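[1] coordinates only, no sequence provided:
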């Protein structure tokens, strides 16, 4: 079965410093990987995805993620963190069914706190 | 475009009561999903639908039923609410087209408390 793990419940980083939020996955076949962000009392918002192609994927709000097949990782990164980046971040993987349909599996989330 | 909307935004139920949560999307998406979000548990899939008239069980389907009578609507029902169903419920949708974008679009959530 497909799965995704976010090993850190919380990540603290100083404003202006680079940030990394970790995600590892376990899938059979080629992975479809996603990052979402959730601000307080809001629904999830899509940040970026990896389907195929370049291993470095750029997304919204200056975020990027690096797909590493050998390490089965898809870490979220940003060169310079902002206080406004403080939120809950979710990694997700698409889980294909034998019927040809699919659903998504989410990690447990990582709370990012950017300190001024 | 309103995107994905959810009704109601908040609800308090007593144990044993029933209710229906409504999700609507105006993006002509084939796929729709219901999740629950609990602290430390992330998002867990309750039920999903890959098209009008279809439904399938997710990771935590017990105690819930769903219907997708119209493509744009996905209803989540609780027949006899229990305190363990206190949670925040999110609806999402995505295109099922092979060449379409693959990300999900989420509603704002429904905060349900069962006393």
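    Structure received. Being a predicted model, the structure only gives us computed values, none of them experimental. Numbers count the residues shown, from 1 in each chain, chains lettered A, B, ... in the order given.

[2] please make it C-alpha for all contacts and neighbour counts, starting now.
    OK.

[3] contacting residues around the closest residue to chain A within chain B?
    Nearest to chain A, among the residues of chain B, is residue B:42, at 3.8 Å (C-alpha to the nearest C-alpha). Counting by C-alpha atoms under 8 Å, 6 or more residues apart in numbering or on different chains, residue B:42 makes contact with A:90, A:106, A:107, A:108, A:109.

[4] residue B:68: neighbour count?
    Around residue B:68 there are 20 other residues, counting by other C-alpha atoms under 10 Å in any protein chain shown.

[5] dig out what the residue of chain B closest to chain A forms beta bridges with.
    For residue B:42, the beta-bridge partners under DSSP bridges are residue B:38.

[6] quick one: it and residue B:35, what's the gap?
    10 Å (C-alpha to C-alpha, to the nearest Å).

[7] please apply the same query to residue B:57.
    Using C-alpha to C-alpha, residue B:57 is found at 11 Å from residue B:35.

[8] just the pLDDT for the residue in chain A sticking out farthest from the centre.
    Here chain A reaches farthest from its C-alpha mean at residue A:99, the gap being 26.8 Å by C-alpha atoms, centre = their mean. Turning to residue A:99, the model gives it a pLDDT of 77.

[9] tell me, how many residues neighbour the closest residue to chain B within chain A?
    Chain B sits closest to residue A:108 of chain A, with a gap of 3.8 Å, by C-alpha to the nearest C-alpha. Residue A:108 has 25 neighbours, counted by other C-alpha under 10 Å.

[10] distance of it relative to residue B:76?
    For residue A:108, the distance to residue B:76 - C-alpha to C-alpha - is 23 Å.

[11] kindly report the same for residue A:34.
    Distance of residue A:34 to residue B:76, computed by C-alpha to C-alpha: 25 Å.

[12] who does the most centrally placed residue in chain B bridge with?
    With distances taken as C-alpha atoms, centre = their mean, the residue of chain B nearest its centroid is residue B:34 (2.6 Å). Counting by DSSP bridges, residue B:34 is bridged to residue B:47, residue B:91.

[13] tell me what the helix or strand residue B:111 falls within is packed against?
    Using DSSP states H and E, residue B:111 maps to strand B:110-114. Counting contacts by 3 or more C-alpha pairs under 8 Å, 6 or more residues apart in numbering or on different chains; DSSP states H and E, strand B:110-114 packs against strand B:10-13, strand B:87-94.

[14] immediately after the last one, which helix or strand?
    Just to be clear, that refers to strand B:87-94. strand B:105-106.

[15] if we can go back for a sec, can I have the buried ones of the contacts of residue B:42 as a PyMOL selection?
    Buried members of the contacts of residue B:42, defined by 16 or more other C-alpha atoms under 10 Å in any protein chain shown, are picked up in PyMOL with:
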select buried, chain A and resi 90+106+107+108+109
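
[16] what's the farthest-apart pair in the contacts of residue B:42?
    A:106 and A:109 (8.0 Å; C-alpha to C-alpha).

[17] common neighbours of these two, please.
    Contact with both residue A:106 and residue A:109 is made by residues A:90, A:91, B:42, according to C-alpha under 8 Å, 6+ apart.

[18] among these, which has the minimum pLDDT value?
    residue B:42 (87).

[19] so who does residue B:8 touch?
    B:21, B:22, B:110.

[20] let's have the residues you listed in a markdown table, adding pLDDT.
    What follows is these, written out as a markdown table (pLDDT from 0 to 100):
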| residue | pLDDT |
| --- | --- |
| B:21 | 97 |
| B:22 | 97 |
| B:110 | 97 |
